[in-house]
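Student: quick check, what structure comes out for this input:
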Amino acid sequence: MDIIIRRMEEKDIRQVHEIDKMSFSLPWPERSFRFELTENPSTRLWVAEVRREDGESLVVGLLVMWVIVDEGHIGTFAIHPDYRRLGIGRKLLARSLLEATKEGLVQVFLEVRRSNTPAIRLYEAFGFHVDGIRARYYRDTGEDALLMRLERVEAEKLNKFL
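Tutor: Numbers count the residues shown, from 1 in each chain. Sure, this is the predicted structure:
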C-alpha cells in the first residue's frame, strides 16, 4: 500500500468530511473544510491518500493546521477507522509539521480529549507535552481537553517518522 501525503484539494472535501464524521462526535461541517481551503490564508490542509492494490486511490486521513507567524495550531486530525494503526497518522503529522517548519513554524498547540489515549501517545512520541487543561471543552460530553504543546519543532527529528 502506497501512502501519499499531499495538500488537500477541493475534490477531497467530501471524503475528508466523511472521515471527520466517522472519527468525531462533533465533526466539522463540510462548509468549514471548504472555507479553510478556499478562504483562510492561515490554514494548511493535508490529506493522506493510499493507493490500493487495485490501483484505486482513497483519501484516508486529514489534518488541518493554522499557521500564524511562528506558531501552529492543529484544528483537526483524523484517520479513517479502517486505516488506523498503520503509521499513516504518524506520517501525516510529520509531513505537515515538516512543511510548516519551512515557513518558520517553531511551536505547535492542539487540544485532545483526555480519554483519547492513542492520540495522546502519538503526540507524546513527537515531543508534545501537556501544557494545560481546558475544562469541559467538549460540548457533547463535557469532557476536558488536554492542551498539548510542541515547544520546538525540529525538522531533523520529524524525518524519523516519515
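Student: can you list the low-confidence ranges for this structure?
Tutor: Applying pLDDT under 70 to the chain picks out no residues at all.
Student: top helix in it by residue count?
Tutor: helix 88-101 (DSSP state H).
Student: only the C-alpha atoms, please, for that helix, written as PDB.
Tutor: Output in PDB follows, covering the C-alpha atoms of helix 88-101 (Å, rounded to 0.1, in the frame of the first residue of the first chain):
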ATOM      1  CA  ILE A  88      -0.500   6.800   8.400                       C
ATOM      2  CA  GLY A  89      -1.200   9.300  11.100                       C
ATOM      3  CA  ARG A  90       2.400   9.500  12.100                       C
ATOM      4  CA  LYS A  91       3.400  10.200   8.500                       C
ATOM      5  CA  LEU A  92       0.700  12.800   8.000                       C
ATOM      6  CA  LEU A  93       1.600  14.600  11.200                       C
ATOM      7  CA  ALA A  94       5.300  14.500  10.400                       C
ATOM      8  CA  ARG A  95       4.900  15.800   6.900                       C
ATOM      9  CA  SER A  96       2.600  18.600   7.800                       C
ATOM     10  CA  LEU A  97       4.900  19.800  10.600                       C
ATOM     11  CA  LEU A  98       8.000  19.400   8.400                       C
ATOM     12  CA  GLU A  99       6.400  21.600   5.700                       C
ATOM     13  CA  ALA A 100       5.300  24.200   8.200                       C
ATOM     14  CA  THR A 101       8.900  24.500   9.500                       C
END
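Student: buried residues, it. List them.
Tutor: 88-101 (16 or more other Cβ atoms under 10 Å). All C-beta spots, glycine's among them, are computed from the backbone N, C-alpha and C.
Student: what's in contact with that helix?
Tutor: For helix 88-101, the external contacting residues (Cβ atoms under 8 Å, 6 or more residues apart in numbering) are 3, 5, 44, 46-48, 50, 60-63, 65, 67, 72, 77, 79, 105, 108, 122, 125-126, 150, 153-155, 158-159, 161-162.
Student: likewise stretch 77-84?
Tutor: Identification of contacts with stretch 77-84 by Cβ under 8 Å, 6+ apart yields 19-20, 22-24, 48, 50, 60-64, 88-89, 92-93, 110, 118-119.
Student: got it, and stretch 21-36?
Tutor: In contact with stretch 21-36 (Cβ under 8 Å, 6+ apart) are residues 8, 10, 13-14, 16-17, 20, 43, 45, 64, 75-76, 78-81, 138-141.
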